[in-house]
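>>> Provided below are the primary sequence and the corresponding predicted coordinates.
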Amino acid sequence: MAPVDVRSSIRHDAALAALLTAAGLLEVLAGPGGDGSRAVSAVAVAGTTLPLAWRRAIPLLPLAAIAVALIAQALLGGFLVGEAVVPLVAIIVALFSAGRHLASRTGLAAAAIGVVVLTATRVVADPAVDTVGHAVLTLVAVSLPLLVGRWARGQALLQRQLVRKAERLARDRERDARDAAEEERVRIAGDLQAAVAGGLHEIVDQAHELPDRLRAGEHAASRAMLASIAATARDALGDVRRVLGILRRDGEARRLTPPVADPLARVDDPAGSPANQPEPARNAAEDPQRAAGVPAAGARQSSIGSLRELAGPALDRLIAAAVLIGAEAELASVAPAGDRAAAALSGALIAVPLLWRRRAPLLAGAGVLAAVVFQSATVSLDAFPLSDIAAVVCATYAIGAYSERRAAVTGLALGALGAGVHAAIVYPDGVVAALLGGVAAPWTVGRVVRGHRMLTRQRLEDAERAELARAREAHAAVTRERMRVARELHDAVAHNISVIAIQAGGADGIVARDPERAAECAALIETVAREALAELGRLVETLDTDAANAPKPTLARVDALAARARNAGVPVELNVEGEPGPLPAGVDLAAYRIVQEALANAAKHAGPARARVVVRYEPRAVEVEIADDGRGPGRAPSRGNGGGHGLIGIRERVALYGGTLDVGPRPTGGFLVHARLPIDA
């Protein structure tokens with residue numbers, strides 16, 4: 001707490017103590033008793049209220065002072081708390097403050113001892129407490145403010161944590177957006193370099209060698225080299241244009257067809273068939289919150305609300321049943337024989353309105369009060385039943401906790417009027433207890449609980465909005481980075497590769513009649529290819545040396561991926577079908593990355609599981625299937641969030657090369673990724 005807040009709290013506590021002391025002294029002067037008892041009561045009131053000035057700084061001090069004052073008052077004479085308002089308010093404030101501000105278990109244990117002392121003092125010294133039920137009621141009434149204070153402390157700590165979380169998310173938002181954009185840039189640039197850089201290096205080497213061939217008069221070989229350069233440039237340009245399409249579209253991928261069969265089902269489930277295959281999972285690119293691993297907006301609040309909708313009526317039924325059972329048992333033992341039927345009916349009438357205490361708190365409170373009036377009019381009782389007290393407390397608490405401000409204030413006023421008039425007529429000595437203990441205290445507790453609940457809900461919503469804003473900003477940063485990379489690709493790399501293709505095609509027609517001009521074209525091709533490589537290098541300049549020197553990612557090294565997954569704790573069975581052969585660089589890289597991402601997801605999310613990888617080489621396509629038998633469909637939504645890309649990256653790689661993809665939970669449990677990438681003839 002800031003120093004200004006500390007000083008403000010001290011001033012407020014001192015003002016509260018002074019106000020209660022003045023009110024208590026006025027109450028003593030206006031109360032019954034002789035000069036001696038009034039003097040004792042005045043000292044007791046001062047000892048009860050003045051220590052409240054330290055209720056936050058030293059929470060146990062007011063409680064200890066109140067216990068000493070009450071004991072001394074009982075021994076020396078003076079009016080008891082049951083006949084006074086201010087000491088009762090001071091006790092409530094002291095107990096609440098102890099629960100709210102005590103941090104240690106030792107302090108809380110001392111506060112519990114204080115509750116026992118206060119209860120014992122009233123039980124021993126107050127002649128109105130003449131039954132075990134009244135003693136238990138006193139213990140409950142004294143304990144309640146301490147418990148409410150403890151609850152308020154927990155709510156305050158929760159709110160503080162939520163505020164800190166929201167502040168941390170706000171601080172991390174810019175960093176996360178920057179990191180997400182950098183990660184996306186490195187991912188795109190790294191894949192582009194792996195797919196395109198090899199062809200550009202080949203073009204540079206051929207263009208560098210071409211002038212020597214032309215000077216040597218090797219026209220046929222020169223034309224073949226130019227044709228090879230043009231073909232390589234066209235392939236590279238096709239890769240770049242496909243990437244540009246993905247980057248600029250950044251939208252929903254087209255529906256992709258499912259695989260022929262589930263690879264694990266062929267081993268474990270002979271009934272596996274295309275008809276049993278799962279539908280493709282939702283494209284994570286549609287939902288940046290899911291792609292960032294954040295629950296959809298309102299999902300958490302919706303689940304909490306659903307739990308409350310189920311728990312609330314059940315709790316109301318439990319409370320009504322408890323009051324009904326307690327009322328019937330109590331009235332059966334204390335009501336005269338001739339009033340037993342009316343007593344049983346009144347017990348039911350008192351309990352039934354509590355079933356609607358959340359949905360219609362004012363009507364429930366009015367129903368309980370009306371039933372109490374009916375009981376007092378039809379049943380002769382020596383004391384106010386404990387079950388009636390419990391029903392009134394539950395009803396007035398509900399008015400404070402579940403009503404809007406205007407309705408709650410109206411309910412408080414009407415409840416106080418009804419309870420006061422009823423007590424004045426039926427139990428004149430219990431007017432103060434009825435107004436404070438039956439109406440004011442539970443209503444106040446209800447308002448406090450409602451306020452803390454609403455504030456906690458607001459904090460939760462703020463934290464969730466901050467989390468969603470963080471995900472959206474990261475997604476927006478990724479999108480901006482994609483567009484920037486797209487512009488750079490179009491303005492530099494794509495343009496340079498187009499120039500190479502045009503120059504190679506044009507030089508092919510002048511090799512024989514103008515070798516010098518063809519040599520100039522070859523020199524230009526070499527220069528432009530080197531510039532394109534330099535642009536790619538700038539795009540990927542943040543890749544570290546280890547990554548740059550790492551073995552080239554290729555489907556031929558899929559066994560290394562399987563071994564890495566085994567080391568991570570996922571048993572992997574690898575099958576290669578068909579005759580492995582050379583693949584286009586982009587297709588080779590895409591297939592490798594798909595297997596890598598799927599195995600990484602299995603290691604992260606599948607739990608204890610085994611996986612099966614099938615690589616199938618066909619004359620005009622290559623297929624990869626990765627399936628595991630982990631936790632099953634319940635974890636599907638979280639798949640693909642690892643590293644910030646996951647399924648988005650897999651879908652884009654497949655779409656980049658015009659392939660088909662099926663990804664999602666398997667009918668027999670686990671997860672399946674199947675991709676088919678065509679190979680141009």
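Alright, I've got the coordinates.
>>> and the residue lying closest to residue 355 once chain neighbours are set aside, what is it in contact with?
With Cβ to Cβ, 6 or more residues apart in numbering as the criterion, residue 355 has its nearest non-adjacent residue at 5.0 Å, and that residue is residue 320. (Each C-beta comes from the backbone N, C-alpha and C, glycine too.) For residue 320, the contact set (Cβ atoms under 8 Å, 6 or more residues apart in numbering) comprises 351, 352, 354, 355.
>>> Can you tell me which of those is nearest residue 22?
Using Cβ to Cβ, the shortest approach to residue 22 within those belongs to residue 354, at 39.3 Å.
>>> List the contacts of that closest one.
Neighbour list for residue 354: 316, 319, 320, 323, 364, 368, 391, 394, 395 [criterion: Cβ under 8 Å, 6+ apart].
>>> between the residues you listed, which has the most around it?
Comparing those on neighbour count, residue 391 comes out first with 32 neighbours (neighbours: other Cβ atoms under 10 Å).
>>> In which helix or strand does that one reside?
Mapping residue 391 onto the secondary structure by DSSP states H and E places it in helix 386-402.
>>> Kindly report the same for residue 501.
Following DSSP H and E, the helix or strand that holds residue 501 is helix 495-508.
>>> Name the next helix or strand downstream of that helix, please.
Toward the C-terminus, helix 495-508 is succeeded by helix 515-539 as the next helix or strand (DSSP H and E).
>>> so how far is residue 187 from residue 478?
Computed as Cβ to Cβ, to the nearest Å, the residue 478 to residue 187 distance reads 10 Å.
>>> Could you check which of the two is surrounded by more residues?
Legend: neighbour count by other Cβ under 10 Å for residue 478 and residue 187, higher for residue 478 (26 against 19).
>>> can you pull out the helices in the stretch 301-450 of the chain?
Per DSSP state H, counting those that start in this stretch, the stretch 301-450 of the chain carries helices over the ranges 340-351, 361-378, 386-402, 405-426, 431-433, 441-488.
>>> wait, isn't residue 330 in contact with residue 387?
Yes: if you go by Cβ atoms under 8 Å, residue 330 and residue 387 touch, sitting 5.3 Å apart.
>>> Give me the more crowded residue out of those two.
residue 387 (22 against 18).
>>> residue contacts, the more buried one?
Taking Cβ under 8 Å, 6+ apart as the criterion, residue 387 is in contact with 323, 326, 327, 330, 331, 347, 350.
>>> Out of the helices of the stretch 301-450 of the chain, flag the one nearest residue 224.
With Cβ to Cβ as the criterion, residue 224 lies closest to helix 441-488 of the helices of the stretch 301-450 of the chain, at 33.0 Å.
>>> name the helices or strands packed onto the closest one?
helix 132-192, helix 219-249, helix 288-291, helix 299-334, helix 386-402, helix 405-426, helix 515-539 (3 or more Cβ pairs under 8 Å, 6 or more residues apart in numbering; DSSP states H and E).
>>> mind redoing it with 10 Å?
Packed against helix 441-488 by the contact rule (3 or more Cβ pairs under 10 Å, 6 or more residues apart in numbering; DSSP states H and E) you find helix 86-101, helix 132-192, helix 219-249, helix 288-291, helix 299-334, helix 386-402, helix 405-426, helix 515-539.
>>> I am assuming residue 536 contacts residue 199, so please confirm or correct that.
No: using Cβ atoms under 10 Å, residue 536 makes no contact with residue 199, being 11.1 Å away.
>>> Could you name every residue contacting both of the two?
With contacts taken as Cβ atoms under 10 Å, 6 or more residues apart in numbering, not a single residue reaches both residue 536 and residue 199.
>>> Of the contacts of residue 387, just say which sits nearest to residue 569.
Distances from these to residue 569 were compared by Cβ to Cβ; the smallest belongs to residue 323, at 55.9 Å.
>>> How about that closest one, nearest residue that isn't a chain neighbour?
On the basis of Cβ to Cβ, 6+ apart, the spatially nearest residue to residue 323 that is not a chain neighbour turns out to be residue 351, at 4.3 Å.
>>> Can you tell me how far that neighbour is from residue 434?
Using Cβ to Cβ, which is the criterion applied here, residue 351 is 19 Å from residue 434.
>>> pLDDT below threshold where in the stretch 451-600 of the chain?
In the predicted model, the stretch 451-600 of the chain carries pLDDT under 70 at residues 470, 474, 481-482, 484-492, 538-552, 567-568.
>>> one more time with 50, if that's ok
In the predicted model, the stretch 451-600 of the chain carries pLDDT under 50 at residues 542-549.
>>> try the chain
By pLDDT under 50, the low-scoring segments of the chain are 1-4, 79-82, 251-301, 303-304, 542-549, 632-645.
>>> quick one, domains of it?
Domain segmentation of the chain under automatic domain parsing yields 3-127, 175-252+479-544, 302-465, 551-678.
>>> Would you mind listing the buried residues in the helix or strand hosting residue 116?
Remark: residue 116 resides in helix 105-125, with elements defined by DSSP H and E. Residues of helix 105-125 classed as buried by neighbour count (16 or more other Cβ atoms under 10 Å): 108, 110, 111, 114, 115, 117, 118, 119, 121, 122, 123, 125.
>>> for the first one, what are its contacts?
Each residue near residue 108 by Cβ under 10 Å, 6+ apart is listed here: 59, 60, 98, 99, 102, 146, 150, 153.
>>> how does it look with 7 Å?
residue 102 (Cβ atoms under 7 Å, 6 or more residues apart in numbering).
>>> How about the secondary structure of residue 664?
strand (DSSP: H, G, I helix; E, B strand; the rest coil).
>>> burial measure for it, as a count.
Other residues near residue 664 number 20, with proximity taken as other Cβ under 10 Å.
>>> likewise the one 5 residues further on?
Summarising burial for residue 669: neighbours were counted as other Cβ under 10 Å, giving 17.
>>> What of the one 3 residues further on?
Summarising burial for residue 672: neighbours were counted as other Cβ under 10 Å, giving 26.
>>> Next: the one 4 residues further on.
Per other Cβ under 10 Å, the neighbour tally for residue 676 reads 23.
>>> buried ones in the strand or helix carrying it?
Element membership for residue 676 (DSSP H and E) is strand 671-678. Within strand 671-678, the residues that qualify as buried by neighbour count (16+ other Cβ under 10 Å) are 671, 672, 673, 674, 675, 676, 677.
>>> Stretch 379-396 now?
Of the residues in stretch 379-396, 379, 381, 384-396 count as buried by neighbour count, 16+ other Cβ under 10 Å.
>>> Next: stretch 649-667.
Burial within stretch 649-667, assessed by neighbour count using 16+ other Cβ under 10 Å, is assigned to 649-657, 659-667.
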